[in-house]
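Engineer: I would like the atomic coordinates for the input below:
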Amino acid sequence: MLYNVLYTGGTFDLFHAGHVNFLKNCRKIAAKIVVSLNTDEFIESYKGKPPVCSYADRKAILESCVYVDEVIENVGGADSKPSILQVKPNIIAIGTDWAKKDYYAQMQFTQQWLDKHDILLVYIPYTEHVSPTLLKQRVKDY
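Structural biologist: Numbering: from 1, shown residues only. Presented below is the predicted three-dimensional model:
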């Protein structure tokens, strides 16, 4: 089944093959992919340090990806509901790296909230052995 609108969110710092694989898999299940991009300020408050790439750079990179139709600012910070309601998706996709974490608490919504808005949450396979953290370490070791 192909869904109309898919929402996903994140930092997408140091865009890499894992990000591409994730977005490519999103495209397989939805006609339109909307990425809610975390702001530099939110990332710094959440992770304790700013992203390597600025919001403007990360947005430009995502907008150039063939699998992304629209990039919006994550206006709610830790509370993703405002951005989700702005997009009005049928489906939210996250990586399987979140499968053992409390994604609902992270996003500040509940299954009941998703049900009320008729939104399905799905997990997309995480690409192993590639991440911004690993890329930073490889550069440092270079």
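
Engineer: number of residues surrounding the residue nearest to residue 81 when sequence neighbours are not counted?
Structural biologist: Take residue 81 and drop its neighbours on the chain: the residue closest to it by C-beta to C-beta, 6 or more residues apart in numbering is residue 109, 5.7 Å away. Placement of C-beta: from N, CA and C, glycine included. Residue 109 has 20 neighbours, counted by other C-beta atoms under 10 Å.

Engineer: so residue 109 sits against residue 78, correct?
Structural biologist: No: using C-beta atoms under 8 Å, residue 109 is not in contact with residue 78; the gap is 11.2 Å.

Engineer: residue contacts, the residue nearest to residue 81?
Structural biologist: For residue 109, the contacting residues are 80-81, 84, by C-beta atoms under 8 Å, 6 or more residues apart in numbering.

Engineer: check residue 118 too.
Structural biologist: Residue 118 neighbours (C-beta under 8 Å, 6+ apart): residue 90.

Engineer: what are the boundaries of the helices in this structure?
Structural biologist: Residue ranges of the helices in the chain, as given by DSSP state H, are 17-27, 40-47, 55-64, 81-87, 103-107, 111-116, 132-141.

Engineer: take these and write them to TSV, including mean neighbour count.
Structural biologist: Output for those, formatted as TSV (neighbours: other C-beta atoms under 10 Å):
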stretch	mean neighbour count
helix 17-27	18
helix 40-47	15
helix 55-64	16
helix 81-87	17
helix 103-107	15
helix 111-116	12
helix 132-141	11
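
Engineer: among those, which comes closest to residue 123?
Structural biologist: helix 103-107 (8.9 Å; C-beta to C-beta).

Engineer: buried stuff in stretch 68-82?
Structural biologist: When neighbours are counted by 16 or more other C-beta atoms under 10 Å, the buried residues of stretch 68-82 are found to be 68-69, 71, 74, 76-77, 80.

Engineer: can you tell me the distance between the two ends of it?
Structural biologist: End-to-end distance of stretch 68-82 (C-alpha to C-alpha, to the nearest Å): 20 Å.

Engineer: who touches it?
Structural biologist: So stretch 68-82 is in contact with 9, 23, 32-39, 42, 45-46, 55, 59, 62-63, 83, 86-87, 106-109, 113, going by C-beta under 8 Å, 6+ apart.

Engineer: that'll do, ta.
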